[in-house]
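Asker: pasting the sequence and the predicted coordinates here, then a few questions.
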Amino acid sequence: MSKKDRKIVLICQCLLNPYCRVHILGQNFPLSLELATFLMSRNVGIIQYLCPETTALGLMRNPQGRQQYDSVFFRDHCKELLKTPLLMVREFLKNKYRLCCFIGLENSPTCGIHWGKHKVNRYGTESSNPMDQPGKDDPVLMGIMAEILSDELAKDNIHVPFLEFPALSEPASEKRAVFWEDLETSLAKPSVEG
């Protein structure tokens with residue numbers, strides 16, 4: 001690896017620490033191993049931020065929708081958690097590393113990139129279950145933490161792809177294949193030096 005080609009990625013914590021996921025959804029260690037192996041085999045450094053759901057509500061929390069996390073209190077909590085990882089990103093960039101992308105988690109109300117329309121539970125609030133057949137005009141938002149991260153990076157004029165690991169898809173699915181292609185593309189050295 002040449003000194004000119006030092007790469008880092010920023011990822012949500014549950015992609016390397018599956019125990020942070022909501023307890024009833026289960027942990028996916030094979031997914032974590034696959035992602036870590038992919039990145040490490042390409043000499044890519046990994047910066048994680050702490051899981052905002054775990055640090056706010058603990059390990060035994062119930063699944064919730066984006067709507068329940070979208071409060072001034074939770075947004076402030078997310079901003080606090082991002083302070084140190086963003087300082088690390090800035091330090092790496094200052095020392096000529098390249099931030100290649102952010103990797104979030106599919107269907108995460110905090111770290112997902114494509115949070116679409118979700119079913120409503122019996123209390124009239126958004127559930128963590130996506131609609132089976134979302135409408136073409138349904139809004140697609142980022143998870144709360146991903147949205148805040150995007151805003152914070154933009155303040156420093158840092159623009160990178162936001163990728164979403166399709167954890168709900170089978171390993172051999174087309175969705176997973178597209179993710180790996182997109183990740184490989186984001187890691188490819190730019191043709192023009194910045």
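Answerer: Right, received. Where do you want to start? Numbers count the residues shown, from 1 in each chain.
Asker: wait, residue 48 sits on residue 14?
Answerer: No - using Cβ atoms under 8 Å, residue 48 is not in contact with residue 14, being 9.3 Å away. The way it works is simple: take the backbone N, C-alpha and C, and place the C-beta from them, glycine included.
Asker: looking at those two now, which is surrounded by more residues?
Answerer: Legend: neighbour count by other Cβ atoms under 10 Å for residue 48 and residue 14, higher for residue 14 (27 against 17).
Asker: where does the more buried one sit: helix, strand or coil?
Answerer: Counting by DSSP: H, G, I helix; E, B strand; the rest coil, the backbone at residue 14 sits in helix.
Asker: pLDDT at residue 93, what is it?
Answerer: Looking at residue 93, its pLDDT reads 96.
Asker: what about this structure, any weak spots by pLDDT?
Answerer: 1-3, 23-27, 118, 127, 129-139, 190-194 (pLDDT under 70).
Asker: tell me where it has strands.
Answerer: For the chain, the strands defined by DSSP state E occupy 7-12, 44-49, 98-105, 118-120, 126-130, 162-165.
Asker: do you know which of the ones you listed lies nearest residue 79?
Answerer: Of all the strands of the chain, strand 44-49 sits nearest to residue 79, with 11.0 Å by Cβ to Cβ.
Asker: how about the closest one, which residues are buried there?
Answerer: Residues of strand 44-49 classed as buried: 44, 45, 47, 48, 49 (neighbour count, 16 or more other Cβ atoms under 10 Å).
Asker: dump those into a markdown table; add distance to residue 155 as well.
Answerer: Listed next are these as a markdown table, based on distance: Cβ to Cβ, whole Å:
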| residue | distance to residue 155 |
| --- | --- |
| 44 | 24 |
| 45 | 22 |
| 47 | 17 |
| 48 | 21 |
| 49 | 16 |
